[in-house]
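> Next input, structure requested:
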Amino acid sequence: MSNSSDTDADSGAGGGVHDLVARLRRGMAHGVLSFPLTSFHDDGSLDLDGFRTHLEAQLATGPGAVFPACGTGEFFSLDEEEYGQVIAAAVEVTAGRVPVVAGTGYGWAQAARFARIAERAGADALLVLPHYLVAAPQDGLVGQLEQLAARTRLPLIAYQRGQVAFDVDSLRRIARIPGVVGLKDGHSDLDRLQRLTLAAPDGFLFFNGASTAEIQARAYAAVGVPAYSSAVHAFAPEIADAFFAAHARGDDAVMDRLLREFYVPFVELRDRRPGYAVSLVKAAARLRGRPVGPVRAPLTDPSAADLADLEALLATGLDLVSALVPVGAAL
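As a prediction, the model looks like this:
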């Protein structure tokens with residue numbers, strides 16, 4: 001399938017795809033995938049200076065890649081102009097240090113509009129978020145990616161979550177689409193995921209995109225998907241990096257303690273109210289002094305009681321990491 005866009009197709013696009021895959025693979029091996037928050041002022045307007053400050057702090061901890069304007073970055077709340085500003089700021093701040101994978105979504109026609117904006121802003125690739133509202137058959141899920149791939153030269157990572165779930169035949173088909181380089185999984189159906197990893201061609205990338213992915217990191221790694229995104233990294237990179245390091249060296253004792261004393265209580269708190277997968281993360285970042293501001297409707301900020309519980313849990317997690325650092329350094 002030939003690619004086209006508002007700009008001329010890059011004759012070196014194949015090399016660009018291979019380079020991007022190689023960069024992502026290297027990044028996945030040494031750090032979590034960072035999904036920065038989009039900063040808003042108290043009146044709900046976009047705060048680009050706050051976003052730049054937040055992203056710079058994220059980059060200082062050495063993530064494997066950054067994914068601006070995705071789910072954690074409230075892609076669904078941004079208009080096209082704001083989206084372009086966020087992606088351009090991410091590219092500027094990142095300055096080539098790690099890949100910038102921008103979110104895109106809705107139906108393929110609208111996704112292509114965001115893709116063109118991301119191209120102009122200098123993004124390296126796109127994460128294709130689940131389409132809006134309707135359930136669709138497998139042929140339609142594949143067709144969505146075919147249509148988008150035909151309209152952008154940026155590499156695509158499909159995100160299966162919600163109403164999007166690929167079967168083995170569809171996985172083989174999307175892996176043959178020029179420019180589709182990987183799959184992020186948010187379903188946590190490990191039986192299905194194992195079948196997909198076995199069916200995929202060599203070099204196809206897989207990512208653990210489960211909510212609070214650390215909870216299932218070992219299970220995903222067991223079926224061949226060790227790379228994961230970390231929402232915790234957006235507000236407590238110390239905790240996220242401590243878990244990543246323990247996971248990399250197979251330190252079950254440290255992982256179990258972090259899970260038991262921080263991650264499981266965090267998930268229990270997250271599950272108290274719809275939307276907390278984002279708004280709780282943003283509230284925790286504000287507690288750390290990050291200039292990220294409030295969430296936009298339809299999300300809501302945490303209640304006072306939940307915020308107090310979050311603050312106590314955050315302190316527990318940071319204290320725990322401080323206690324574990326000598327253990328990690330000695331191993």
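> Show me where the stretch 1-150 of the chain has its strands.
33-34, 65-66, 101-104, 125-128 (DSSP state E, counting those that start in this stretch).
> Need the winner for burial among those.
Highest mean neighbour count among these (mean count of other Cβ atoms under 10 Å): strand 101-104, with a mean of 29. (C-beta placed from N, C-alpha, C; glycine too.)
> Which other helices and strands does that strand contact?
helix 108-121, strand 125-128 (3 or more Cβ pairs under 8 Å, 6 or more residues apart in numbering; DSSP states H and E).
> Which strands border the shortest one, and is each parallel or antiparallel?
For strand 125-128, the paired strands and their directions (DSSP bridges) read strand 101-104 (parallel), strand 156-160 (parallel).
> just to revisit the earlier point, quick one: closest of the strands of the stretch 1-150 of the chain to residue 177.
Checking these against residue 177 by Cβ to Cβ gives strand 125-128 as the closest, at 11.1 Å.
> what does that closest one rub up against?
By Cβ atoms under 8 Å, 6 or more residues apart in numbering, the residues outside strand 125-128 that reach it are 20, 24, 67, 70, 99-105, 111, 115, 118, 144-145, 148, 152, 154-159, 181, 184.
> In the stretch 201-331 of the chain, where is pLDDT below threshold?
Applying pLDDT under 70 to the stretch 201-331 of the chain flags residues 325-331.
> mind listing the helices in it by residue range?
217-222, 237-248, 252-258, 264-270, 276-287, 304-330 (DSSP state H, counting those that start in this stretch).
> closest to residue 280 out of the strands of the stretch 1-150 of the chain?
The nearest among these, by Cβ to Cβ, is strand 33-34 at 17.2 Å.
> I'd like the average pLDDT over the closest one.
Averaging pLDDT along strand 33-34 yields 94.
> Which other helices and strands does that strand contact?
Using 3+ Cβ pairs under 8 Å, 6+ apart: strand 33-34 touches strand 65-66, strand 229-230.
> Packing partners of the first one?
It refers to strand 65-66. So strand 65-66, by 3+ Cβ pairs under 8 Å, 6+ apart, packs with helix 13-30, strand 33-34, helix 48-59.
> Try it again at 10 Å.
Contact here means 3 or more Cβ pairs under 10 Å, 6 or more residues apart in numbering; DSSP states H and E; on that basis strand 65-66 packs against helix 13-30, strand 33-34, helix 48-59, helix 80-94, strand 101-104.
> now the last one
Counting by 3+ Cβ pairs under 10 Å, 6+ apart, the packing neighbours recorded for strand 229-230 are strand 33-34, strand 205-208, helix 237-248.
> in its sheet, what does it sit against?
strand 33-34 (parallel).
> Check the helices and strands packed on strand 65-66 for me: which has the lowest mean pLDDT.
helix 13-30 (a mean of 82).
> most neighbours per residue, which of the helices and strands packed on strand 101-104?
strand 125-128 comes out most buried of these by mean count of other Cβ under 10 Å, with a mean of 26.
> average pLDDT for that strand?
98.
> If you tally nearby residues, what's the number for residue 46?
Neighbourhood size, residue 46 [other Cβ atoms under 10 Å]: 22.
> Isn't residue 318 up against residue 262?
Yes - between residue 318 and residue 262 there is a contact under Cβ atoms under 10 Å: 9.1 Å.
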